[in-house]
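Undergrad: only geometry, no sequence info:
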């Protein structure tokens, strides 16, 4: 057999082995662009085009290492779609992790959502802490945060149960109040079975004295899903806080009607820090594109006279 006749065979074998190697790994590019015309509640009058939720561009990948073991990574950039500018100082603010996944669960290093936020806080808000109707300060108590940098992260799911744990360095994780004195950590758990979802979370930010504990649940009746949330904790100034949120979502046509009522109170000073009633409708034009309208009313104590108590948005969101 001549060298010339061997060449096509060599190329075919190379292509076969190359295809096999590539089949064992994959990288996905994903993102979101979300903009609305909006007026925020609890803010000065300023009708503007703004991010409805965190516009983002991300990359996530997985490589099959054999024996059930996989290497994983994910990086996610957040940006202001209205201006084309970076939304936070960190370029990969949304996420920046690498790790291993197998029968033991998933272990990653880097910047990641904390389990208390992911499994108990964000899921309790019908808006997922997005848009002007966001209940973010109610579900995090103005104590917790959504993600930590420089973290060691663990997640495991089986039979409807999900548990997560995270510990991070104090460096790069300034608490909402107080000063960074220790390593922040977070624990979370969730259980889902049919129409029932339950969650619990405990977050201890970097200040010596702060913590935020939460519990949530929902039941889907089909025509409507109702949910409830309760949180309690203490900030870095040794001020105690307590919050609650009740919510409902209902499918209507190709969209979803959303409603919530919640309050955050500083029980040390007896001051209502947030009291919010929100209503919205999000209509799916396709699997990727949604148009929406929300209205929210803020009723906290001591709102400045020049602040608007009613906010609204009309926007469009496209995921890819």
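TA: That came through fine. Since the model is a prediction, treat every value here as computed from it, not as a measurement. Numbers count the residues shown, from 1 in each chain.
Undergrad: could you measure the nearest residue to residue 146 once chain neighbours are set aside against residue 143, distance?
TA: Computed as C-beta to C-beta, 6 or more residues apart in numbering, the closest residue to residue 146 that is not its neighbour in sequence is residue 117, at 4.8 Å. The C-beta positions use only the backbone N, C-alpha and C, and glycine is treated the same way. Distance, residue 117 to residue 143, using C-beta to C-beta, to the nearest Å: 11 Å.
Undergrad: And residue 224, by the same measure?
TA: Per C-beta to C-beta, residue 224 is found 31 Å from residue 143.
Undergrad: For this protein, just list every one of the helices.
TA: 3-23, 115-116, 136-140 (DSSP state H).
Undergrad: just checking, what packs against the last one?
TA: Helix 136-140 makes packing contacts with strand 225-234, strand 240-252, strand 255-266, strand 271-284 when contacts are defined by 3 or more C-beta pairs under 8 Å, 6 or more residues apart in numbering; DSSP states H and E.
Undergrad: just so I know, which of those strands lies nearest residue 40?
TA: strand 271-284 (11.9 Å; C-beta to C-beta).
Undergrad: Listing partners with orientation, what would you give for the closest one?
TA: strand 255-266 (antiparallel), strand 289-298 (antiparallel) (DSSP bridges).
Undergrad: Using TSV, lay out these together with mean neighbour count and distance to residue 217.
TA: Below are the strands paired with strand 271-284 laid out as TSV (neighbours: other C-beta atoms under 10 Å; distance: least, C-beta to C-beta, whole Å):
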stretch	mean neighbour count	distance to residue 217
strand 255-266	20	15
strand 289-298	19	23
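Undergrad: Ok, which of these comes nearest residue 99?
TA: Closest of the strands paired with strand 271-284 to residue 99 is strand 289-298, at 31.5 Å (criterion: C-beta to C-beta).
Undergrad: From the chain's centre, how far out is that closest one? Work that out for me.
TA: Relative to its chain's centre, strand 289-298 lies at 18 Å (C-alpha atoms, centre = their mean, to the nearest Å).
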